[in-house]
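Need a 3D model of the following:
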Amino acid sequence: MGALELKAVGKSFGKTEVIRGVDLTVEDGEFCVFVGPSGCGKSTLLRIIAGLEDASAGDILLDGQRINDVAPAKRELAMVFQSYALYPHLTVRDNMGLALKQAGVAKAEIAAATDKAADMLALGPLMDRRPAELSGGQRQRVAIGRAIVRRPKLFLFDEPLSNLDAALRVATRIEIARLHRELAATMIYVTHDQVEAMTLADKIVVLRAGRVEQVGAPMQLYNDPDNVFVAGFIGSPQMNFLKAAALGEQGETLGIRPEHLEVSRKAGRFAAQISHVEKLGGETLVYARSETHGLLTTRLFGEHDFAVDETVHLTPLAERGFRFDAEGQRMR
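Down below sits the predicted model:
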């Protein structure tokens, strides 16, 4: 079991309030991702759950038991850090089994647990190496393996892929998703990368300035954002925000995803001048500036030959748009 509940959790450093009354339930076996811009409080909230920071207010419950005053080592959690945090003088095998050794677990049980984790992570040939002899991706797999052997109720990941190159980020992301399915474990994962959030999460928690803006499944947040902040944060490229009145639409702002903004050389709702074109093979991103709406992004599938400084005509698919009021809240 690994169900987590946060009740009105707050955190202040002196007079500075960084976590503001967070209420959240993470179900047993769920993969929950915290996302938000730098400084939004996502890593601080994770550290509060882990016991590395004390909550200034509220309660933290694991499987119904309040753990605010429980020491980090006794919370039945395992944390994977961005920095790997491996002991350089120990082998992979010893790094993975150290926590069990310190807990007085029998050698045979430690060996069985580390071998099983090594099989899951394809670390078998590396077990007698030291961290200096490993690549970044291999070190991160060792850190994940060290968490697995502890058999925690809850896995905590603090931006574990940030130090990896693009290809390794994708490969390791796939491994983490596979491990979640195989272990059926509860996982909480912090990232600033909304692509990681969208591809890994059962549930995404969007944070801003220490508050929860919205909680939901990835496509729920993509297709049904509550406000301008969530609409703009979830999705890559970012949603376009147009002046609703200039288009004869209700509200203050009309939000349009790049794939729902049509571009034509012949005709459209308004003119714009192309500022930049990104040809990615499978898709083309066209950035065009309108006098009324500013810089806008349109996503086209396949290859297209638009050129910088070319004048084009843009048409938002209003039926696929999101309307927001003057306070940035969704109009439904």
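
Could you count how many residues lie near residue 6?
22 (other CB atoms under 10 Å). Using the backbone N, CA and C atoms, a C-beta is placed for each residue, glycine as well.

That one: what's it in contact with?
Listed by CB atoms under 8 Å, 6 or more residues apart in numbering, the contact set of residue 6 reads 22, 23, 24, 25, 45, 49, 58, 59, 60, 61.

Just the ones of those in helices?
Counting by DSSP state H, the contacts of residue 6 place 45, 49 in helices.

Helix or strand: which one has residue 47?
helix 42-50 (DSSP states H and E).

model confidence over that helix, on average?
For helix 42-50, the mean per-residue pLDDT is 96.

CA-only coordinates of that helix, as PDB, when you get a sec.
Output of helix 42-50 as PDB, limited to C-alpha atoms (Å, rounded to 0.1, in the frame of the first residue of the first chain):
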ATOM      1  CA  LYS A  42       7.200  21.500  -6.400                       C
ATOM      2  CA  SER A  43      10.600  20.300  -5.000                       C
ATOM      3  CA  THR A  44       9.800  21.800  -1.600                       C
ATOM      4  CA  LEU A  45       6.500  19.900  -1.500                       C
ATOM      5  CA  LEU A  46       8.400  16.700  -2.400                       C
ATOM      6  CA  ARG A  47      10.900  17.300   0.400                       C
ATOM      7  CA  ILE A  48       8.100  17.800   2.900                       C
ATOM      8  CA  ILE A  49       6.600  14.500   1.900                       C
ATOM      9  CA  ALA A  50      10.000  12.900   2.300                       C
END
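
start the count at 735, not 1, going forward
I'll keep to 735 as the first residue from here, and by that count the last item is helix 776-784.

So which elements touch that helix?
The contact analysis (3 or more CB pairs under 8 Å, 6 or more residues apart in numbering; DSSP states H and E) places helix 776-784 against strand 738-747, strand 750-760, strand 765-769, strand 811-814, strand 888-892, strand 920-924.

isn't residue 902 right up against residue 871?
Yes: if you go by CB atoms under 8 Å, residue 902 and residue 871 touch, sitting 4.2 Å apart.

contacting residues around residue 997?
1020, 1022, 1032, 1034, 1040, 1046, 1047, 1048.

Ramachandran coordinates for it?
Residue 997 adopts backbone torsions of phi -120, psi 140, taken as degrees, to the nearest 10.

cool, residue 880 as well?
Dihedral angles (degrees, to the nearest 10) for residue 880: phi -60, psi -40.

I'd guessed it sits against residue 827; true?
No: using CB under 8 Å, residue 880 is not in contact with residue 827, being 10.6 Å away.

and residue 830, how many neighbours does it have?
Here the number of neighbours of residue 830 (other CB under 10 Å) works out to 29.

actually residue 861, not the one I typed
Residue 861 has 17 neighbours, counted by other CB under 10 Å.
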